[in-house]
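Undergrad: Could you look at this predicted model? Sequence included:
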Amino acid sequence: MATEHRQHWEDSISRLLQKALSHKEVYTTPISGFQVSIHPNVYSPKYFPESKWYGQQLEQLVKPGQDFLEVGVGSGIVSMHVARAGGKARGVDINPDAVAITKKNFAANGLSSSGVVRGEPRRDSYYTSASGSPSEADRVRATINARNVAPTPPALTDSGSDSDSDPLEEADIRVSDLYTSLDPGTKFHYIFWNHPWQNSSAIVKELQTEKTLDEGYKALSRYMSQGRSYLHEDGAILIGTSCYADLKALDQMAEDNGYRTMVQSQGTSLLEDGTEEVYYILRLVDLQK
């Protein structure tokens, strides 16, 4: 990637981070048909569009009744998309403010971790325009020539939920350093993390936070290596990343942990100043199977 493009992106992100930090109280914004409350100490989907994009892709991938874990839930927007489609969405975050605000957002939008949704999911409306033509989310999908596109697994036949259950239980969102707070024996069909993209502190200071920097991708390595024990037999670990991450280092780390990466989804979005970001959801293929 050209140095000038990288510098322009860093400048754009720095400005957006400063805008996000200017909030001193919880604020609310509409995203994908949800009313999303955002804590100022939590990564903001109002200013950074990748969370919405990841959520839109995963809402189509995760089938009703499948077990889904999001690491680093933030404000919960990704998991809320999955829950709206009937997935059993659970989440963890090392930040207690993120856990609290995600629980609030699930409740405010009639969602739970059991696959129960208050009202009919409206996922189709976010992918097709009123004229019936593909939406922007559809148009941005593409493939990367150097990679294969991963197949979609079959849907489960039993969601294991009762849509008429009352009351709607609190979402299962926990304070956790990756997997540390999960119950023994817990298994998922999908585990997803929009990981901190930066792996070196040789970046502008605004990007040197726990939300944006994982020095040497050490946490990402733990995410890969420890995730195996929390998967169903046909489960998969997914990584949300971008063209501004160190993709070569990520691929090497996957190989070191016994995986190869495949592109599950690819797309683009624009920051508010028009800067383009390219997003990927990578699927880790376990070479030990």
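TA: Looks like it came in fine. Residues are numbered from 1 along each chain as shown.
Undergrad: mean confidence for stretch 70-88?
TA: Stretch 70-88 comes out with an average pLDDT of 97.
Undergrad: Please report how far the residue nearest to residue 85 when sequence neighbours are not counted lies from residue 265.
TA: Excluding the flanking residues, the one nearest residue 85 by Cβ to Cβ, 6 or more residues apart in numbering is residue 59, at 4.7 Å. To be clear about C-beta, it is placed using only N, CA and C from the backbone, and glycine gets the same treatment. The spacing between residue 59 and residue 265, counted by Cβ to Cβ, to the nearest Å, is 11 Å.
Undergrad: Could you do residue 106 as well?
TA: Using Cβ to Cβ, residue 106 is found at 24 Å from residue 265.
Undergrad: now swap in residue 186 and tell me
TA: The value you get for residue 186 to residue 265, if Cβ to Cβ is used, is 25 Å.
Undergrad: count of neighbours near residue 194?
TA: Number of residues near residue 194 (other Cβ atoms under 10 Å) recorded here: 26.
Undergrad: Identify the residues contacting it.
TA: By Cβ atoms under 8 Å, 6 or more residues apart in numbering, the contact list for residue 194 reads 50-51, 54, 72, 74, 78, 240-241.
Undergrad: Please say which of residue 186 and residue 265 ends up with more neighbours.
TA: The neighbour comparison of residue 186 against residue 265 (other Cβ under 10 Å) goes to residue 265, with 24 against 13.
Undergrad: Quickly list what the more buried one is bridged to.
TA: Partner residues in beta bridges with residue 265: residue 281, with DSSP bridges as the criterion.
Undergrad: Would you mind listing where the stretch 101-250 of the chain has pLDDT under the threshold?
TA: Flagging of the stretch 101-250 of the chain using pLDDT under 70 yields the residue ranges 118-167, 202-210.
Undergrad: and with 90 instead?
TA: The model of the stretch 101-250 of the chain has pLDDT under 90 over residues 114-170, 197-215.
Undergrad: Which stretches in it count as strands?
TA: Listed in chain order, the strands of the stretch 101-250 of the chain (DSSP state E, counting those that start in this stretch) span residues 173-175, 188-194, 231-242.
Undergrad: Direction-wise, compare the longest one with strand 188-194 and give the angle.
TA: Per axes from the mean of the first three to the mean of the last three Cα atoms, to 10 degrees, the angle that strand 231-242 makes with strand 188-194 is 20 degrees.
Undergrad: Strand partners (parallel or antiparallel) of strand 231-242?
TA: Sheet partners assigned to strand 231-242 using DSSP bridges are listed as strand 188-194 (parallel), strand 276-286 (antiparallel).
Undergrad: got it, and the shortest one?
TA: Using DSSP bridges, strand 173-175 pairs in its sheet with strand 88-93 (parallel).
Undergrad: Sticking with the residue nearest to residue 85, tell me its helix or strand.
TA: Assignment of secondary structure by DSSP states H and E places residue 59 within helix 50-61.
Undergrad: Show me what that helix is packed up against.
TA: Contact here means 3 or more Cβ pairs under 8 Å, 6 or more residues apart in numbering; DSSP states H and E; on that basis helix 50-61 packs against helix 77-84, strand 188-194, strand 231-242, strand 259-270, strand 276-286.
Undergrad: Export the ones you listed to CSV and append columns for distance to residue 4.
TA: Listed next are the helices and strands packed on helix 50-61 as CSV, based on distance: least, Cβ to Cβ, whole Å:
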stretch, distance to residue 4
helix 77-84, 31
strand 188-194, 26
strand 231-242, 18
strand 259-270, 18
strand 276-286, 14
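Undergrad: so of these, which one's packed in deepest?
TA: Highest mean neighbour count of these: helix 77-84, a mean of 28 (counted as mean count of other Cβ atoms under 10 Å).
Undergrad: and the angle for that one with strand 188-194?
TA: Computed by the same axes, to 10 degrees, the angle separating helix 77-84 from strand 188-194 equals 150 degrees.
Undergrad: okay, helix 77-84 in CSV with CA atoms only?
TA: As requested, the backbone C-alpha atoms of helix 77-84 are provided in CSV (Å, rounded to 0.1, in the frame of the first residue of the first chain):
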residue,chain,number,x,y,z
ILE,A,77,-23.8,-4.0,16.8
VAL,A,78,-22.3,-7.1,15.2
SER,A,79,-23.9,-9.5,17.6
MET,A,80,-27.3,-7.6,17.3
HIS,A,81,-27.3,-8.4,13.6
VAL,A,82,-26.7,-12.1,14.3
ALA,A,83,-29.4,-12.1,17.0
ARG,A,84,-31.9,-10.4,14.8
